[in-house]
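S.K.: Quick one, structure for this:
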Amino acid sequence: MFHTIFSKLVAVLLLFGLLMCLIFAMIMRYSHEVYHQEAQQNFHSGLAARLVTLAGWTPDGWRDPDRTREEFSRLVAASPQFHIYLLDLEGRVLAHYPDQPPLATPRVSLLPVKNFLQANPVLPMLGDDPAQAGARQIFSAAQLPGQTRPERYLYVTLHSEEHDKFAASLRFSYITREGSWLVGASLMLALAGGLLSLRLAVNPLKQLAVKMDDFRKNRFRLALTEQARPIESGDEIDILSTNFHRMAEQMQTQMQELAQADSSRREFITNVSHDLRTPLASIQGYLDTLILKNDTLTQQERQQYLLIALNQTKSLNQLITTLFYLAKLDSGQKELQAEQFKIDELLQDVVQKFSMDAHSKQIRLTAETQSRLPFVYADLGLIERALSNLIDNALRHTPEGGAVQLRLQHSGHKVWVSVVDSGPGILASDLPHIFERFYRGQGARPETSVNAGLGLSIVRRILDLHGESIEAAAAAGQGATFRFSLAVQDGQHMPGDLQPLQQTPA
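M.R.: Numbering: from 1, shown residues only. Sure, this is the predicted structure:
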């Protein structure tokens with residue numbers, strides 16, 4: 001029955017309404033009684049004083065005790081709600097009218113009597129009722145003066161049993177009924193307004209619950225149009241809806257990234273399998289030839305086949321080493337060990353390392369640097385690997401008689417490193433993908449396929465770890481330029497004037 005938050009809130013609201021009705025009824029009953037008591041006591045507040053005057057009290061006592069007794073008896077017979085008591089200064093009852101039934105208690109507390117006789121007493125004020133033990137009634141009181149001080153008190157209770165019965169019959173009078181109906185109608189109106197407010201407040205929650213269920217049923221795919229997007233500001237429910245939509249968008253983005261990563265993983269495995277299978281098949285082929293034709297092969301042919309198998313083994317080892325290195329970079333096992341060093345000195349060392357290779361291919365390898373270059377702050381080993389990969393890539397794509405030039409330029413807070421070759425360039429369709437793993441462009445030379453397309457991927461990953469990026473600009477038949485930057489040591493920067501690379505039209 002109470003499975004929904006709306007039903008629970010309605011039940012709480014109804015219980016609260018019933019409780020309020022009960023409280024209002026008790027308050028109305030109490031207020032009615034207090035109002036009636038105050039009105040009666042205020043109206044009869046001077047009754048006892050008038051009786052003292054009419055009965056003829058003097059400092060020496062009643063002028064005519066028999067006549068006084070007769071007048072008091074006649075009064076209480078005509079008005080049964082009045083009981084008259086004569087009290088001494090300690091509250092003992094000396095006489096009472098009517099004299100039947102006998103008194104339930106012979107003594108009355110004088111504290112309410114004295115408070116009543118003060119100026120402007122707060123009404124209603126209740127005093128002891130000698131006719132009923134433990135009962136308290138409204139009253140009127142007056143002092144009976146003596147020669148030097150008050151001698152006695154005239155104490156008149158204003159409620160009797162008959163009057164209580166009459167008052168009880170008035171509890172459901174016109175005013176009481178009308179007041180009850182008014183309070184009931186007000187509470188019903190308040191309950192109706194509360195139910196409407198609850199409905200308006202719960203509806204967005206129900207809509208959000210439906211969206212969440214649809215999101216689950218649709219395998220965590222939720223189409224969010226611009227019109228359906230939640231507002232950025234509002235109450236707590238609007239904020240909850242906004243947070244859900246943001247969470248849904250983030251989950252969809254993460255799932256797309258996971259799907260893309262899974263696709264990349266499958267493609268990676270396919271490419272690795274292909275690149276491993278090629279040298280392995282070559283090695284196996286030459287070894288099989290050596291075994292099957294060992295008796296017919298000359299010593300020179302055997303030497304040639306073994307040399308080819310050895311070269312393929314070296315290529316395979318280089319590929320596996322490169323894969324392990326790239327995996328180490330991706331997994332975060334390779335931590336940056338940043339230090340300050342002279343980038344121009346590192347560049348000269350790398351150029352020297354490739355000078356023999358460039359000379360054997362008849363390629364002119366040069367370095368161009370500015371004077372007084374500042375120290376850069378980076379991982380020396382990783383930057384050396386990045387430079388080596390870029391130079392190796394440039395040498396492999398540059399034909400004989402070509403040139404590879406390395407440039408260093410200080411601008412602002414950066415030192416820019418550029419590698420420029422005079423090779424065949426890069427097709428415009430290949431340029432966005434050259435840093436992807438195992439990617440070989442349509443214009444790639446056949447002899448460069450042994451590299452497996454991992455060198456530039458490693459360069460980009462190294463620069464990503466440094467918080468830097470690499471740019472490439474090339475056109476078919478016009479060579480290629482790769483450029484990246486490194487942060488200089490604090491306090492060594494200069495105003496920057498270096499412009500970004502411009503893509504040359506193909």
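
S.K.: check contacts around A480.
M.R.: 394, 397, 420-421, 423, 425-426, 472-474 (Cβ atoms under 8 Å, 6 or more residues apart in numbering). Where you see a C-beta, it was placed from the backbone N, CA and C, and this is true even at glycine.

S.K.: Quick one: the helices in the chain, in order.
M.R.: Taking DSSP state H as the test, the helices found in the chain are 5-43, 47-55, 65-78, 111-117, 161-169, 174-217, 236-292, 299-331, 343-360, 380-397, 455-465.

S.K.: which one of those has the lowest average pLDDT?
M.R.: Among the helices of the chain, helix 161-169 carries the lowest mean pLDDT, at a mean of 56.

S.K.: which residues does the residue nearest to S469 when sequence neighbours are not counted contact?
M.R.: Nearest in space to S469, with sequence neighbours left out and distances taken as Cβ to Cβ, 6 or more residues apart in numbering, is L463 at 6.2 Å. By Cβ under 8 Å, 6+ apart, L463 lies in contact with 386, 469-470, 484.

S.K.: Out of those, list just those in strands.
M.R.: Among the contacts of L463, DSSP state E puts 470, 484 in strands.

S.K.: Which single one of the contacts of L463 is nearest to A77?
M.R.: Nearest to A77 among the contacts of L463: S469, at 114.2 Å, using Cβ to Cβ.

S.K.: Quick check, pLDDT for the closest one.
M.R.: Confidence score, pLDDT, at S469: 91.

S.K.: Contact partners for it?
M.R.: 460, 463, 484 are the contacts of S469 under Cβ under 8 Å, 6+ apart.

S.K.: could those go into JSON lines alongside distance to K414?
M.R.: Shown next, in JSON lines, are the contacts of S469 (distance: Cβ to Cβ, whole Å):
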{"residue": "R460", "distance to K414": "17"}
{"residue": "L463", "distance to K414": "12"}
{"residue": "F484", "distance to K414": "9"}
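
S.K.: ok, of these, which one's closest to T366?
M.R.: Of the contacts of S469, the one sitting nearest to T366 (Cβ to Cβ) turns out to be F484, at 19.0 Å.

S.K.: Let me know how buried the closest one is, in neighbour terms.
M.R.: For F484, the count of nearby residues is 24 (other Cβ atoms under 10 Å).

S.K.: and the residue nearest to S469, how far is that from F482?
M.R.: Separation of L463 from F482 (Cβ to Cβ, to the nearest Å): 11 Å.

S.K.: could you pull out the strands for the stretch 401-506 of the chain?
M.R.: 403-411, 414-421, 470-474, 480-487 (DSSP state E, counting those that start in this stretch).

S.K.: For M255, which non-adjacent residue is spatially closest?
M.R.: Here the residue nearest M255, using Cβ to Cβ, 6+ apart, is F220, at 6.4 Å.

S.K.: Could you count how many residues lie near the one you found?
M.R.: 12.

S.K.: Who are the contact partners of it?
M.R.: By Cβ under 8 Å, 6+ apart, the neighbours of F220 are 248, 251-252, 255.

S.K.: Which entries within those residues meet the buried criterion?
M.R.: 248, 252 (16 or more other Cβ atoms under 10 Å).

S.K.: L319: which of the contacts of F220 is nearest?
M.R.: Nearest to L319 among the contacts of F220, with distances taken as Cβ to Cβ, is M255, at 32.5 Å.

S.K.: Give me the distance between the closest one and G56.
M.R.: M255 is 107 Å from G56, by Cβ to Cβ.

S.K.: Check G455 too.
M.R.: From G455 to G56 the distance is 132 Å (Cβ to Cβ).
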